[in-house]
Structure formats: C-alpha cells, structure tokens
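**Q** Following is a predicted model, sequence given first.
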Amino acid sequence: MNILAIDPGSTSTKVGVLRAGKLVKATIEHPRCEIESFHAVMEQLDYRMEHLVRYLRETGAEQLRWDAVVGRGGLVRPVPSGVYLVEEPLLRDLMRGVNGEHAANLGGVMAHAVAARQGAPAFVVDPPVIDEMWPVARISGMAGIERRSMFHALNQKAAAREVARELGKPYQELNLIVAHMGGGITVGAHRKGLVVDVNNGLNGDGPFSPERTGGLPVIGVLQLVEQGAFTTEQLKSIVARKGGVFSYLGTVDLREAEENAQKGDRWAALVLEAMVYQVAKEIGALAAALSGEVDGIVLTGGLAFSDAVVSGVRRRVAFIAPLFVLPGEFEIEALIGGASRVLSGAEEARRYPGGTDEDRT
Ligand SMILES: Nc1ncnc2c1ncn2[C@@H]1O[C@H](COP(=O)(O)OP(=O)(O)O)[C@@H](O)[C@H]1O
Ligand SMILES: CCCC(=O)OP(=O)(O)O
C-alpha cells in the first residue's frame with residue numbers, strides 16, 4: 001500500500017510516506033515570518049501545497065499512485081472518534097473553520113487536493129474536536145457557556161492505545177489519564193476507550209503551556225479589556241499563541257527556558273515549576289473524575305523529552321497510578337494507521353454529517 005500522510009502544524013508541515021511497507025517521515029519547516037504574512041489559515045493552502053509537492057518531487061514520491069491520502073483533521077463540528085472520508089460537507093467546514101482557526105484545518109483540505117488528482121480516497125483521523133465527554137463535564141459554571149471537547153485527540157488516542165498494548169489489555173478496558181505536552185497542553189481522562197473529560201486546549205482552559213495561557217482568572221481578563229490594554233483579537237491571540245511560558249519568558253522553546261533556569265535564572269525556574277505544577281494538578285483532578293480508578297498516567301508530546309518536566313510531574317502524581325512516558329508525538333503513525341485500517345477493511349470510514357447551518361451547534 002502507498003499512503004501519504006499530511007500533518008500541518010503552526011510552523012511546520014509534517015509528512016509521512018508509506019511505501020512498500022516502509023514509513024519515511026519528514027518535517028517541512030515554515031519560517032514564522034512567512035506564516036505570519038497570511039491573515040487566515042486557509043490563505044496558506046497554495047503556499048503549503050507548493051512545499052509539499054516540492055518535497056514529494058525531491059524524494060521521488062511524486063510518481064507514486066496513492067491508495068489513500070490522509071490528513072490531520074481540523075476544527076470542524078464535534079464528531080465521534082474515527083476515520084472520516086473527506087467529502088464536500090467536511091471539506092467545506094474545514095475551509096470555513098466552523099469551530100475555529102487552526103493549521104490543522106489544512107490537513108484534510110491538502111489530503112483531498114492530492115488525492116483528487118488520482119481519484120484516490122482522502123481521509124482525516126480523530127480530529128481535535130472528537131467529542132466523547134460525559135454530560136457532567138460539559139457544565140462550565142455559567143449558563144450559556146458550555147465546556148467543549150477540543151484537544152490533541154490524534155496523539156492522545158495513539159499514545160493511549162500504545163500503553164494499552166504495553167499493558168496487554170484492550171484500550172476499551174482501561175482507565176488512563178493522558179497528558180499531551182507540546183506547544184499546547186491537553187490532559188484527558190480516557191475511561192474505557194472514551195475521553196470523558198479533557199481541558200479545551202485552544203480556548204483558555206487547563207494548564208498553561210509553552211505558548212498558551214490555559215485557564216485564567218476571568219475578572220483579570222475583563223479588567224484588561226476595560227483598561228483598553230488589548231483588543232479582543234489580541235487577547236485571543238495571547239490565549240492561543242502568545243501566552244504561557246512565552247508571556248513570562250519570551251520564548252516558546254522549553255529547552256532555552258530550562259537552560260536559563262539551570263544557569264541560575266530563578267524566575268525561569270519558578271515559571272517552569274508552575275507549568276509542571278498545573279499539569280500535575282490537572283492529572284489529579286481527572287483522577288478524582290475517574291473516582292481514583294486509574295490504570296496508568298501517560299505523558300507524551302515534546303515536553304516529555306524533558307527530564308525536569310517528567311520528574312516534576314512524577315513526583316506529584318506517582319501516588320495515583322503507574323506512569324508511562326512516550327516522548328514526542330505519533331500523529332503521522334496514527335494517520336497512516338487509520339487509513340490502513342480502512343483500506344484493509346478492518347474499520348469502516350465514517351461519513352461526516354450533512355453540514356447544514358441548522359445542524360450546527
Ligand atoms: N528534549 C527536549 N527537552 C525539553 N523540551 C523539549 C525537548 N524537545 C522539545 N521540547 C519542547 O517541546 C515543545 C514542542 O513540543 P511538540 O510536541 O513538538 O509541540 P507542537 O507539536 O505542539 O509544536 C517546545 O517547547 C520544545 O522546546
Ligand atoms: C488542542 C487542539 C489541537 C492543537 O492545539 O494542536 P497544536 O497544539 O498542535 O496547535
């Protein structure tokens with residue numbers, strides 16, 4: 001089988017080519033200044049496609065006949081976990097960004113563009129909006145504002161399934177707490193195969209991260225608006241891209257922040273300790289949500305490469321359950337895996353619902 005996987009991130013496009021059973025992965029980096037010259041995510045489509053096509057040409061993959069092309073799913077309407085065929089309603093919702101702007105919206109659109117040239121199917125797998133939250137987790141504390149499922153679903157599910165394999169049990173029989181710790185951080189309670197509670201990774205919820213604020217004291221935010229310190233657009237950008245470690249230390253690179261802390265920068269050390277503390281608190285909260293019935297805690301994402309982060313979280317949560325550390329992310333493998341399961345008939349591709357405005361929540 002030949003499968004192409006496309007995983008657009010904020011400043012890179014990760015690519016996976018499965019060819020004769022062998023997976024080759026690559027990261028196409030996009031300089032921040034080039035990305036920032038676009039106003040909207042979808043305006044980057046031609047730019048990202050040019051880079052992708054050049055990569056495929058240079059690696060000799062342009063000539064391949066794809067059995068499927070699979071992209072990271074975006075911020076579409078809430079859907080159950082699974083592999084989705086990219087058809088008109090899904091394509092339209094990705095392009096409109098019905099649930100928000102994010103580079104991931106480009107994944108399914110790019111996959112469709114490549115696949116359509118050859119009449120191959122295009123898929124997305126476990127988009128960030130998959131919604132398995134139980135009703136009690138949806139109540140926010142204010143009528144009219146609902147907590148919504150928006151998280152690193154693809155990597156969290158892949159990491160959880162990997163730990164289930166290690167434990168020799170089906171994912172559907174385990175209770176796991178998975179912390180994806182990258183530029184953004186989401187922590188999910190996986191109860192018997194369903195993510196029943198998770199912080200919204202983009203809208204200001206949960207722990208702060210290298211580039212996101214996480215949950216903030218609401219009155220403090222309102223005061224900033226009243227004082228005219230920021231427009232709402234600026235605040236949204238801080239919440240999603242320029243908050244967290246960046247707002248305190250001026251970098252989103254944890255290695256740089258750790259180096260400064262090791263050289264004696266006590267403020268940097270305190271900020272990093274606070275991030276670790278908030279991750280541990282989130283894990284503890286979800287342990288309570290699962291009534292203490294936790295088979296394992298999984299740490300994944302780029303920050304799981306950091307000994308200081310892992311040992312800091314371990315120190316505070318080891319009493320709950322055994323810790324599994326899977327540094328980095330497995331999104332390309334999860335995309336290829338999803339497409340392979342559909343092509344081999346092990347799983348049926350799901351159809352994204354019709355997509356009329358009336359349907360939308
Ligand atoms: N070896 C490492 N030690 C500490 N931090 C690391 C290491 N490798 C990557 N990181 C940090 O992980 C974060 C990026 O994680 P990643 O999962 O790649 O995020 P994303 O996919 O969200 O961009 C950055 O803050 C980066 O500095
Ligand atoms: C939480 C939704 C997905 C997301 O935020 O991904 P990145 O952290 O890779 O931007």
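**A** Perfect, thanks for sending it. Numbers count the residues shown, from 1 in each chain. Ligands and ions are numbered 1, 2, ... in the order given.

**Q** quick check: mean pLDDT across stretch 75-87?
**A** Across stretch 75-87, the average pLDDT comes to 97.

**Q** could you dump it to CSV, C-alpha only?
**A** Listed next in CSV are the C-alpha coordinates belonging to stretch 75-87 (Å, rounded to 0.1, in the frame of the first residue of the first chain):
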residue,chain,number,x,y,z
LEU,A,75,-11.7,22.3,14.0
VAL,A,76,-15.0,21.1,12.4
ARG,A,77,-18.2,20.1,14.2
PRO,A,78,-18.0,17.7,17.1
VAL,A,79,-17.9,14.1,15.9
PRO,A,80,-17.2,10.7,17.3
SER,A,81,-13.7,9.3,17.2
GLY,A,82,-12.8,7.5,13.9
VAL,A,83,-11.6,7.8,10.3
TYR,A,84,-13.6,10.2,8.2
LEU,A,85,-13.8,10.3,4.4
VAL,A,86,-13.1,13.8,3.1
GLU,A,87,-16.3,14.7,1.2
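
**Q** what comes up buried for that stretch?
**A** Residues of stretch 75-87 classed as buried by neighbour count (16 or more other C-beta atoms under 10 Å): 75-79, 81-86. The way it works is simple: take the backbone N, C-alpha and C, and place the C-beta from them, glycine included.

**Q** Could you export those as a markdown table, including distance to ligand 2 and secondary structure?
**A** Compiled in a markdown table, those are given as follows (distance: C-beta to the nearest ligand atom, whole Å; DSSP: H, G, I helix; E, B strand; the rest coil):
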| residue | distance to ligand 2 | secondary structure |
| --- | --- | --- |
| Leu75 | 8 | coil |
| Val76 | 12 | coil |
| Arg77 | 15 | coil |
| Pro78 | 13 | coil |
| Val79 | 14 | strand |
| Ser81 | 14 | coil |
| Gly82 | 17 | coil |
| Val83 | 18 | strand |
| Tyr84 | 16 | strand |
| Leu85 | 21 | strand |
| Val86 | 18 | coil |
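
**Q** Of the residues you listed, which is the nearest to ligand 1?
**A** Set against ligand 1, the nearest of the buried residues of stretch 75-87 by C-beta to the nearest ligand atom is Leu75 (15.2 Å).
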